[in-house]
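*Asks:* no sequence on this one, just coordinates:
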């Protein structure tokens, strides 16, 4: 008998979890359906954009992801403390990015005058939404439901698109986190749909190697934002790497990004029984393939802490 989700997920034990969600129907979530000939490749973009958006609204950091043909993987870090400093107004704004909210909340957000009793009810709604914004189950609900509705409209059908429950597995050591991240990033290579990490589309490792936006410029110029229900959401980057713990606080994964790329590359060269693909053994190491200058790479890889700190300050000022 399945255990309740509340018993499976405990931030006190570990904030890191490996999450898998699988399509229940025969037809593909993404990619090409060989039986019908239809191509669903564009749906990968739906998932990737939704993941990036929701991580910016929820107190959830994305360490790794891979969108495959009929399922996707996430490695998430739950950061519930991120919602503590948010004002009730900011919590309501975050939630109303995704849902309309209760009628009383809608009236409050429209600037209508409310009596004291109504304001107390709005405050209770804010606390309810605050709890949801740090909850993994609500994160997955907000991720999967819109994708299912959009896919059903495209397929002109109704019914379940996803399996009844997403699967989540705790990652309680640094080794488990790194191993799982590498496993997720290597999914396209193991499935023989990509030859190298840098060519693995819709994965976090490619996003790290070839980022599609510059966070510092996005904060400064407000160009990398998303508008939902008339609310603007600054987009959050992937969870970064940290070489050491600073002043007793660790935000990212305790590892160097350069070493992580080497780990993924070396692991991908190992042939696994039952898996079709592997990185060709005669290829140059990944850092050589990317033609990265060590000093420039070190500067780029360690810049995350500063840029992410800017992002968090921006969020606090907006709150």
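*Replies:* Arrived safely. Predicted, not measured: the structure shown is a model, and the values here were computed from it. Numbering: from 1, shown residues only.

*Asks:* how close does the nearest residue to residue 43 once chain neighbours are set aside sit to residue 191?
*Replies:* Nearest residue to residue 43 in three dimensions, chain neighbours excluded: residue 30, at 4.6 Å (C-beta to C-beta, 6 or more residues apart in numbering). Heads up, the C-betas are built off the backbone N, CA and C, glycines and all. Counting by C-beta to C-beta, to the nearest Å, the gap from residue 30 to residue 191 is 12 Å.

*Asks:* pick out whichever of these two has more residues nearby.
*Replies:* residue 30 (22 against 16; other C-beta atoms under 10 Å).

*Asks:* how much space between that one and residue 164?
*Replies:* Applying C-beta to C-beta to residue 30 and residue 164 gives a distance of 21 Å.

*Asks:* on the pLDDT front, check the residue lying closest to residue 204 once chain neighbours are set aside for me.
*Replies:* Of all residues not flanking residue 204 in the chain, residue 64 sits nearest, at 4.4 Å (C-beta to C-beta, 6+ apart). Looking at residue 64, its pLDDT stands at 97.

*Asks:* which helix or strand contains residue 64?
*Replies:* Element membership for residue 64 (DSSP states H and E) is strand 60-67.

*Asks:* which residues touch that strand?
*Replies:* Applying C-beta atoms under 8 Å, 6 or more residues apart in numbering, the contact partners of strand 60-67 are 16, 29-30, 44, 47-48, 51-52, 54-55, 72-79, 134, 136, 139, 177, 180-181, 184-185, 187-188, 200, 202-205, 236, 238-239, 253.

*Asks:* so what are the sheet partners of the next helix or strand after it and their directions?
*Replies:* Next along the chain after strand 60-67, taking DSSP H and E as the criterion, comes strand 71-78. Strands that pair with strand 71-78, judged by DSSP bridges, come out as strand 16-22 (antiparallel), strand 60-67 (antiparallel).

*Asks:* next one: the first one to chain centre, how far?
*Replies:* What that stands for is strand 16-22. 11 Å (C-alpha atoms, centre = their mean, to the nearest Å).

*Asks:* one more: stretch 180-190?
*Replies:* Centroid separation for stretch 180-190 versus its chain: 15 Å, with C-alpha atoms, centre = their mean.

*Asks:* stretch 88-95 too?
*Replies:* Distance of stretch 88-95 from its chain centroid, counting by C-alpha atoms, centre = their mean, is 20 Å.
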